[in-house]
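Participant: sequence first, then the predicted structure, then my questions.
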Amino acid sequence: MQQFTQLVKIVSNSTKTNEKLEALRHYFTHADARDKPWVLALFSGRRPKRTVNSTQLKQWCLQTVDIPEWLFEECYHSVGDLAETIALLLPDNGQQLSTHPLHYWLDELAKLEKAPEAEKQQFILQAWQELDTNERFVFNKLITGGFRIGVSQQMMVNALAQTYQIPPATLSHMISGNWDPRQTSLEALLQDTGSGADASKPYPFYLAYPLEEDPSVLGQPEDWIAEWKWDGIRGQMIKRSGQLFVWSRGEDLITEKFPEYTPLQNALPEGTVIDGEILTYADNFPLPFQTLQTRIGRKNVTNKQLQEAPVVFLSYDLLEWEGRDIRDTPLQERRVLLEQLVAQVNHPALRLSPMVTFDTWQRLIEFRQQARDMGSEGLMLKKRSSPYQVGRKRGDWWKWKIDPFTIDAVMIYAQKGHGRRADLYSDYTFAVKDGDKLIPFTKAYSGLTDKEMNEVDHWVKRHSLEKFGPVRTVQPELVFEIAFEGIAASNRHKSGVALRFPRIHRWRKDKTPEEINTLADLQQLLQQYKG
Amino acid sequence: MTPVLQFTDKGIYCPGGDFYIDPWQPVPRAVITHAHSDHARLGNQHYLCHLESVPLLQLRLGADISVQGIAYGETLRYNGVSISLHPAGHIIGSAQVRVQQGNEVWVVSGDYKVENDGLSGQFEPVPCQVFITESTFGLPIYNWQPQAMIFSDIRKWIYENQQAGKSSVLLAYSLGKAQRLLFNLKDLDTPIFAHGAIDVPHQVLLAQGYDLPAIQRITPDTPKADLKKSVIIAPPSAAGTPWMRRFNPYALGICSGWMQVRGSMRRRNADAGFALSDHADWSGLLQSVKATGAEKVFTTHGFSSAFARYLQENGIEAEAIKTAFGNEDEEAPQEAGTATAAVDPTPDNGTAAAPAAGESE
């Protein structure tokens, strides 16, 4: 556990990519072989099943340190992380007594799944006693999950690639998919050549960078293919060994969530991998992302949901054909195969994402302006000759989104953030005008520079009206331009609307609260684009 | 009956003796707990402080101020009110103020820490009926390690930086933390360099005979080669300024109680954070409040409401008071210090030196 704690300390504190890489390399070279697959799993979002919940951790901490619950909450708001709050509150035992490795703790935690509460409590309290403050933080993090501590999957892939002398793209594929850190060694994962051992294994996704210039910088229009950019969940559909697997870009296996795809298990030929978008779709038109949300996170789908939010798979690309990895074949050839495949399967759940044909860049610019009417969020530009690469790469693929909606709004509440922003008022709620009233309609967390955020934080501390726990009501004075990608009706919000990807576009220091947008403006947008 | 001390918009006032303690607006007579700018401000007609605080006050407020220094335990009387100063352990010359009228004793803590840092004296709890205490770190997540352990971590960090060919830049407030670092790192066999803002009080204190190591002030003429793998002490406000470039490659370490929490450290882009504070931690605050035997406690700055509520629930009458020593629970590590910026002479021979800011920590 010490080694892993040290790794976490370095990667979470360091602001320098090279230092983090070095620490990861060092770790993967020297760590206990049974710990390594766990670290890989933790840092790639494969978090172990929770066997103890946050409420239990909090209760047992309260009992150990004998403080009232409100004081715990005060501390939590100040720290911004439950695992860290508990680690700091527990009495310092002055030393670390345990020499158990990381996998020991993870195995023991997993065993607690069916254990009675008293047994769980006893185990946790014992662990807290044996571990020092830094280790306790890591231990608590193992339980609360979400190891977001400044290591991206890409960084880990690079570190492993350097350590094991394997090209990053190959390595990225090797560590994707379904594997259990309890059953697999890192070496076994990295020896797997990808053929057959795991039929469900997806390819790493190829992601595009945003195009920020005029498309004419890309060269000749005839070298490029354009498609609509859809706002669903990027996915990969795999048919191997007679089985169907659907992966989301976040590397979750989500086959079961979408019964619409079940018939494709027989319809698709063996040895097929398609890249595409999971999208709710009716009458040949995509439904807003919010309808897809009603389908995510549910194990059992009701008939009503199937009717109201029917899901299709809109195919972009073909990665494996007749059992062969064809990612290096030029896109235009893959596209031909994909079109044949979709036609041959001929099932309403599997559709082709249509191409947008254009002969001049000017024509494409006009198409882009119609994107919203198509229910899409812009265009994708792909070079005809491009291979299907790994990860986010510049050059061959670009996403060219439409400009977001914007609304000028006034800040009315501020709340402290988490992690790096704990203790800084960084999360704000915004309102539009409705006559004399201010109607809150969205929260936004990002979009300001650190400097601006410090400035707002400073202002909030001096212009608070009331305090409710971590939330402060502030004088409605600061005006911000809020950008968002979509708008849908919502009966859960006072404003009657829910926004997609709201963020702060600009701080409008030049505007007064009298000049902000109104609820009527939002309603008009809703009428226009409700999909 | 009028209370011994009152909270007014100018500061903590003693009507019986007609003086203020750490006033934030100019008054005729000010008793000063210590020389930090949120406690010792310009413009008062007369200052009273501890003997060791006199040169620091003159440094920061001007050599021409009217100031009287007294020793710890020495008692002065005004109109039947007696005043005495007692060690607070916060920085050199820091004091708690004990005020007695008749049989009633009130104590104003100023800023204090319980652990003896070797330079600032050993904090002594003073028995009283009413205790006005700071509460900068009044949450139970703030419990400090003994300084010996922290300094051992700092030495280890410096050593590792040197192994990696880097200089070690330690950010520490120019008055208090910087001297504490220097005193405790004086046997280091590495040259120590300092920003002008650190060197100014350092020279004053050396002249007073404090056992502080020699440091080299950084000027535009300091050869870059000399700085390689050295230890540099700079005020927090130097972070992110062009002045820092000359130390490349370097690692940045921040010495402040706020570093207890990972988020505050990451927000400031430090390579290392050392939770070395000149304020009492949670157990230090509790222990001190209990040791005074006070029946009533006022909490002034920091997590004042939380600390007061906790005391109240534990049978000690307590109330949070709004003062200018910090804006409620948000005495941010980088805040305050505007007064300092105005008066702290930070000549770095014309380079882009940042004025010392960041008072409380």
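Facilitator: That came through, no problem.

Participant: all helices of the stretch 201-350 of chain B, in order?
Facilitator: Per DSSP state H, counting those that start in this stretch, the stretch 201-350 of chain B carries helices over the ranges B:224-227, B:262-267, B:282-292, B:304-313, B:338-343.

Participant: ugh, typo on my part, it should be the stretch 401-531 of chain A
Facilitator: Using DSSP H, counting those that start in this stretch, helices in the stretch 401-531 of chain A cover A:450-462, A:519-529.

Participant: hmm, A:P476 is touching A:A409, no?
Facilitator: No: the pair A:P476 / A:A409 is not scored as a contact, 9.7 Å apart, by CB atoms under 8 Å. Placement of C-beta: from N, CA and C, glycine included.

Participant: common neighbours of the two, please.
Facilitator: A:A431 (CB atoms under 8 Å, 6 or more residues apart in numbering or on different chains).

Participant: what's around residue 117, how many residues?
Facilitator: All of this refers to chain A. A:E117 is flanked by 12 other residues according to other CB atoms under 10 Å in any protein chain shown.

Participant: wait, chain B was what I had in mind.
Facilitator: Neighbours of B:D117 using other CB under 10 Å come to 22.

Participant: I'd say it and B:R180 touch.
Facilitator: Yes: if you go by CB under 8 Å, B:D117 and B:R180 touch, sitting 5.0 Å apart.

Participant: shared neighbours of the two, anything?
Facilitator: With CB under 8 Å, 6+ apart as the test, B:D117 and B:R180 both reach B:D278.

Participant: which helix or which strand is home to the residue nearest to A:R240 when sequence neighbours are not counted?
Facilitator: The shortest distance from A:R240 to any non-neighbouring residue, by CB to CB, 6 or more residues apart in numbering or on different chains, is to A:A199 (4.1 Å). Assigned by DSSP states H and E, A:A199 falls within no helix or strand.

Participant: wait, A:A199 sits on A:F245?
Facilitator: Yes: A:A199 sits in contact with A:F245 when judged by CB under 8 Å, with a separation of 7.4 Å.

Participant: mutual contacts of those two, please.
Facilitator: With CB under 8 Å, 6+ apart as the test, A:A199 and A:F245 both reach A:I238.

Participant: settle it for me: which of these two has more neighbours?
Facilitator: Legend: neighbour count by other CB under 10 Å for A:A199 and A:F245, higher for A:F245 (23 against 15).

Participant: rewinding a little: who has more neighbours, A:P476 and A:A409?
Facilitator: A:A409 (31 against 19).

Participant: contacting residues around that one?
Facilitator: A:A409 makes contact with A:430-432, A:441-442, A:479-482, A:516-517, according to CB under 8 Å, 6+ apart.

Participant: just give me the closest of the residues you listed to chain B.
Facilitator: A:F480 (21.4 Å; CB to the nearest CB).

Participant: so what's the closest one up against?
Facilitator: Counting by CB under 8 Å, 6+ apart, A:F480 makes contact with A:408-411, A:428, A:430, A:444, A:504-508.

Participant: burial count for the residue in the stretch 251-361 of chain B that chain A sits nearest to?
Facilitator: Chain A sits closest to B:G263 of the stretch 251-361 of chain B, with a gap of 3.7 Å, by CB to the nearest CB. Neighbour count of B:G263, defined by other CB under 10 Å: 22.

Participant: and the residue nearest the centre of chain A, how far is that from chain B?
Facilitator: Here the mean C-alpha position of chain A is nearest to the C-alpha of A:G250 (CA atoms, centre = their mean), at a distance of 6.4 Å. Going from A:G250 to chain B by CB to the nearest CB, to the nearest Å gives 24 Å.

Participant: now do the strand or helix carrying A:R234: everything it contacts.
Facilitator: When elements are assigned from DSSP H and E, A:R234 belongs to strand A:233-240. Defining contact as CB under 8 Å, 6+ apart, one finds that strand A:233-240 is touched by A:199-203, A:205, A:244-249, A:254, A:261, A:264-265, A:268-279, A:292, A:296, A:313, A:315, A:319-320, A:323, A:350.

Participant: can you rerun that using 7 Å?
Facilitator: Contacts of strand A:233-240 with the rest of the structure, by CB atoms under 7 Å, 6 or more residues apart in numbering or on different chains, involve A:199-200, A:202-203, A:205, A:245-249, A:265, A:268-278, A:292, A:313.

Participant: select only the buried ones of the residues you listed in ChimeraX?
Facilitator: To isolate the buried ones among the contacts of strand A:233-240 in ChimeraX, judged by 16 or more other CB atoms under 10 Å in any protein chain shown, type:
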select /A:200,202,203,205,245,246,247,248,249,268,271,272,273,274,275,276,277,278,292,313
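
Participant: inside helices: which ones of the contacts of strand A:233-240?
Facilitator: Using DSSP state H, A:265, A:292 are the members of those that sit in helices.

Participant: let's see which of the contacts of strand A:233-240 end up in strands.
Facilitator: Those of these mapping onto strands are A:245-248, A:272-278, A:313, per DSSP state E.

Participant: if we can go back for a sec, next up, the contacts around the residue nearest to the centre of chain A.
Facilitator: Residues counted as contacts of A:G250 (CB under 7 Å, 6+ apart) are A:G45.

Participant: show me what the helix or strand A:D317 falls within is packed up against.
Facilitator: A:D317 is part of strand A:311-321 when elements are defined by DSSP H and E. Where contact means 3 or more CB pairs under 7 Å, 6 or more residues apart in numbering or on different chains; DSSP states H and E, strand A:311-321 is packed against strand A:272-282, helix A:331-345, strand A:350-352.

Participant: B:I158 against B:V231, yeah?
Facilitator: Yes: between B:I158 and B:V231 there is a contact at 5.9 Å, judged by CB atoms under 7 Å.

Participant: overlap in contacts, these two.
Facilitator: Residues touching both B:I158 and B:V231 (CB under 7 Å, 6+ apart): B:168, B:190.

Participant: in space, what's closest to the residue in the stretch 51-200 of chain A that chain B sits nearest to - neighbours in sequence excluded?
Facilitator: Nearest residue of the stretch 51-200 of chain A to chain B: A:L88, at 4.0 Å (CB to the nearest CB). In this structure, A:L88 finds its nearest non-sequential neighbour in B:I141, 4.0 Å apart by CB to CB, 6+ apart.

Participant: I'd like to know how many residues surround A:R148.
Facilitator: 14.
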